[in-house]
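Q: Please find the sequence and the predicted model below.
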Amino acid sequence: MGLKPKILIADDEPLTLELVVERLQGDYDIEVVSCGKAAIAAADKCSFKLVLTDLWMPDINGMEVLAHFVQHYPDTPVIVLTGFGTIETAVEAIKRGAYDYLSKPANLDEIALTLKRALEHKDLKDQNVALRTQILEQHRLERLIGQSVPMQKLYGVIKRVAKTDSTILITGESGTGKELIANAIHYQSPRCDMPFVPINCGAIPEELLESELFGHEKGAFTGAFKERRGRFELANKGTVFLDEIGEMSPKLQVKLLRFLQETKFQRVGGSRTIEVDVRILAATNKDLERAVAENEFREDLFYRLNVIPIHVPPLRERAGDVALLIRHFLIQHCQKKNIVQKRMSNSAIESLKQYDWPGNVRELENVIERLVILTDADEIDLSDLPKRMQAIDEPVGEPVPACIELGEAGINLKEMLENLENRLILDALHRTGGVKNKAAKLLGLNRTTLIEKMKKKQLDYPIAL
């Protein structure tokens, strides 16, 4: 059985005190005082869950006791006991912060019920504060996983831009965690107490996306049976995150541009102008500058969105973070699925560090979740990994010759150079475990040049596709 809630009762009438204590002592740990000065002294020595005070007492009255608690212990509910004919004073006590008031002569059952409700209200507030703290903790910058140089630079940018109200365009490949970055910006901003409202512009049909963003009036279209507020209204004073903004249709691009310029809009089918205060964060995995050049995205909208650009690096450019992410996802998914905590062998971790991760962090998390479920042993080993992610020790292709001699019969120079280039490419891929970015560096090439050569030569390497 848990400890009883500790409460303070202040009243200068001995009979009232005796009756109230007798009724409540089974449910509470009660401290009794007979004047306001003693009530304040007790409050400064001990923490109370609740206070029940008479309004009229010698030296310091109940209103002054209330004022002391409101100023110094605002989370402690105060209930005021009032005599007959002092209802106006009781209402004034409510205005000054009292939880409730009760009239004398006191009904003991009513006192017990009011105290119970006050404590339930306090517990609910405490739970809300704890939940709020937990939510903020989940979105703190420190919750982002990564200690590599690219991530450290990214953290620095996020800390600077979060304090502003500027529009931000977050770019990066699919699976790099663009929404996670948007969350971190919002929850470190002055708007952190207000809503964060995300919407995936690429997942909603054009005819519905306008209604999702701006809302609609009753009867605006077939199926619009009642008025509906859009995401911009729901996010008032907060942040709207427009994911996959590059998928938005030209028609909606125009309406979004107008909203960004004026911060005003009309619901679908409506004529009333609505003004809201929201911060816009947008994200895309497309090259919007190229899309602008190809007339697939409005140039004026691009510049409105691209006030502060943030690029999220792909996982292959921060291979040093792979081990941290592996450990994080192992703990997360073992706990989520109530599975005994698993670990991963060093050889398996090293192999995953060499993989190219075209699906980035999302692909890594999916792989770890699958391994947690399907691996019987407590340790996940190299052989448990998908074949394409397992390092291969055998050399690929023929060894590169130390030197080439012309010989009496001569050589086919074009064929010899072609074979040599093929062998060097395959050898570089083997040395880097199939990581094309690293192989390209060994060969002094750009990654895209290497990929184009492999396609042209129809070279296939089975490690990191």
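A: Looks like it arrived, so ask away.
Q: alpha carbons only for contacts and neighbour counts from here, please
A: OK.
Q: Pull the number of nearby residues for residue 311.
A: Other residues near residue 311 come to 16 when the count uses other Cα atoms under 10 Å.
Q: no no, residue 52
A: Counted with other Cα under 10 Å, residue 52 comes out at 23.
Q: which helices and strands sit right next to the helix or strand containing it?
A: Element membership for residue 52 (DSSP states H and E) is strand 50-54. Using 3 or more Cα pairs under 8 Å, 6 or more residues apart in numbering; DSSP states H and E, the elements in contact with strand 50-54 are strand 6-10, helix 62-72, strand 78-82, helix 108-138.
Q: Select, out of these, the one closest to residue 302.
A: The closest of the helices and strands packed on strand 50-54 to residue 302 is helix 108-138. By Cα to Cα, the value is 30.9 Å.
Q: just to revisit the earlier point, so in that sheet, which strands flank the strand holding residue 52, and in what orientation?
A: If you go by DSSP bridges, strand 50-54 pairs up with strand 6-10 (parallel), strand 78-82 (parallel).
Q: which residues touch it?
A: With contacts defined as Cα atoms under 8 Å, 6 or more residues apart in numbering, strand 50-54 is touched by 6-12, 61-62, 65, 76-82, 115, 118-119.
Q: Generate a ChimeraX selection restricted to the buried entries among those.
A: The following ChimeraX line selects those of the contacts of strand 50-54 that are buried, judged by 16 or more other Cα atoms under 10 Å:
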select :6,7,8,9,10,11,12,61,62,65,76,77,78,79,80,81,82,115,118,119
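Q: okay but residue 275 is in contact with residue 265, surely?
A: Yes: counting by Cα atoms under 8 Å, residue 275 touches residue 265, with 6.7 Å between them.
Q: just to revisit the earlier point, the strands paired with strand 50-54: lowest mean pLDDT?
A: With a mean of 88, strand 78-82 has the lowest mean pLDDT of the strands paired with strand 50-54.
Q: low-confidence ranges in this structure?
A: Per-residue confidence for the chain (pLDDT under 70) gives these ranges: 1-2, 84-87, 129-143, 391-409, 460-465.
Q: how's it carved up into domains?
A: Following automatic domain parsing, the chain resolves into domains at 6-134, 149-311, 317-389, 399-465.
Q: Please identify the most buried of the helices and strands packed on strand 50-54.
A: Ranked by mean neighbour count, the helices and strands packed on strand 50-54 are led by strand 78-82 with a mean of 25 (mean count of other Cα atoms under 10 Å).
Q: next SSE after that strand?
A: helix 87-95.
Q: Identify the spatial nearest neighbour of residue 286, chain neighbours not counted.
A: residue 246 (6.4 Å; Cα to Cα, 6 or more residues apart in numbering).
Q: Surely that neighbour and residue 284 touch.
A: Yes: applying Cα under 8 Å, one finds residue 246 in contact with residue 284, separated by 5.9 Å.
Q: what packs against the helix or strand that contains residue 38?
A: Here residue 38, judged by DSSP H and E, is contained in helix 36-45. The contact analysis (3+ Cα pairs under 8 Å, 6+ apart) places helix 36-45 against strand 6-10, helix 62-72.
Q: Now do it against helix 62-72: the angle between them, please.
A: 20 degrees (axes from the mean of the first three to the mean of the last three Cα atoms, to 10 degrees).
Q: Would you mark the buried spots in helix 36-45?
A: Buried-residue list, helix 36-45, by 16+ other Cα under 10 Å: 36, 37, 38, 39, 40, 42, 43.
Q: now do stretch 363-377
A: For stretch 363-377, a neighbour-count test (16+ other Cα under 10 Å) marks 363, 364, 365, 368, 369, 371, 372 as buried.
Q: go on, stretch 94-109?
A: 94, 97, 98, 99, 100, 101, 102, 103, 108.
Q: Please flag which of those sit within helices.
A: Here DSSP state H is the test, and the buried residues of stretch 94-109 give 94, 108 as lying in helices.
Q: May I ask which two of the buried residues of stretch 94-109 are separated the most?
A: Largest pairwise distance in the buried residues of stretch 94-109, by Cα to Cα, is 23.1 Å, between 97 and 108.
Q: about what we covered before: from the buried residues of stretch 363-377, pick the one nearest residue 458.
A: Residue 458 has its nearest neighbour among the buried residues of stretch 363-377 in residue 363, at 26.1 Å by Cα to Cα.
Q: hang on, the earlier thing: strands - which of the buried residues of stretch 94-109 land there?
A: 100, 101, 102, 103 (DSSP state E).
Q: Could you find the closest non-adjacent residue to the third one?
A: Just to be clear, that refers to residue 102. Closest residue to residue 102 apart from its sequence neighbours, by Cα to Cα, 6+ apart: residue 81 at 5.0 Å.
Q: Next one: that neighbour relative to residue 166, how far apart?
A: In this view, residue 81 and residue 166 are 52 Å apart by Cα to Cα, to the nearest Å.
Q: Next: residue 147.
A: Residue 147 sits 27 Å away from residue 166, going by Cα to Cα.
Q: now residue 245
A: Noted for residue 245: a distance of 17 Å to residue 166, by Cα to Cα.
Q: What of residue 23?
A: Separation of residue 23 from residue 166 (Cα to Cα): 59 Å.
Q: what does residue 367 give?
A: Here residue 367 is placed at a distance of 36 Å from residue 166 (Cα to Cα).
Q: go on, residue 267?
A: To residue 166, residue 267 is 25 Å away according to Cα to Cα.
Q: So between these two, which is more surrounded?
A: Between residue 267 and residue 166, residue 267 has the larger neighbour count (other Cα under 10 Å), namely 23 against 15.
Q: give the contact list for that one.
A: 211, 214, 215, 216, 217, 229, 230.
Q: Looking at the helices and strands packed on helix 36-45, which is nearest to residue 175?
A: Short answer: helix 62-72, nearest of the helices and strands packed on helix 36-45 by Cα to Cα, at 48.4 Å.
Q: any idea of the angle that closest one forms with helix 87-95?
A: In terms of direction (the same axes, to 10 degrees), helix 62-72 departs from helix 87-95 by 10 degrees.
Q: Go ahead and name everything in contact with helix 62-72.
A: Helix 62-72 is contacted from outside by 36, 39-40, 53-56, 76, 78, 80, 93, 96-98, using Cα under 8 Å, 6+ apart.
Q: Stretch 149-160 too?
A: Against stretch 149-160 from outside (Cα under 8 Å, 6+ apart): 141, 146, 181, 184, 185, 188, 310, 312, 313, 317, 318.
Q: out of these, which is most surrounded?
A: Comparing these by number of neighbours (other Cα under 10 Å), residue 185 comes first, having 28 neighbours.
Q: roughly how far apart are residue 187 and residue 113?
A: From residue 187 across to residue 113, the span is 39 Å (Cα to Cα).
Q: I misspoke; the intended subject was residue 376.
A: The value you get for residue 376 to residue 113, if Cα to Cα is used, is 55 Å.
Q: If I follow the layout properly, residue 104 ends up in contact with residue 80?
A: No: counting by Cα under 8 Å, residue 104 does not reach residue 80; the two are 10.3 Å apart.
Q: how about the CA coordinates for the strand holding residue 52, as PDB?
A: Extracted C-alpha coordinates of strand 50-54, given in PDB (Å, rounded to 0.1, in the frame of the first residue of the first chain):
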ATOM      1  CA  LEU A  50      -3.300  19.800  -0.800                       C
ATOM      2  CA  VAL A  51      -4.400  22.600   1.600                       C
ATOM      3  CA  LEU A  52      -7.800  23.100   3.200                       C
ATOM      4  CA  THR A  53      -8.000  26.500   5.000                       C
ATOM      5  CA  ASP A  54     -10.600  28.400   6.800                       C
END
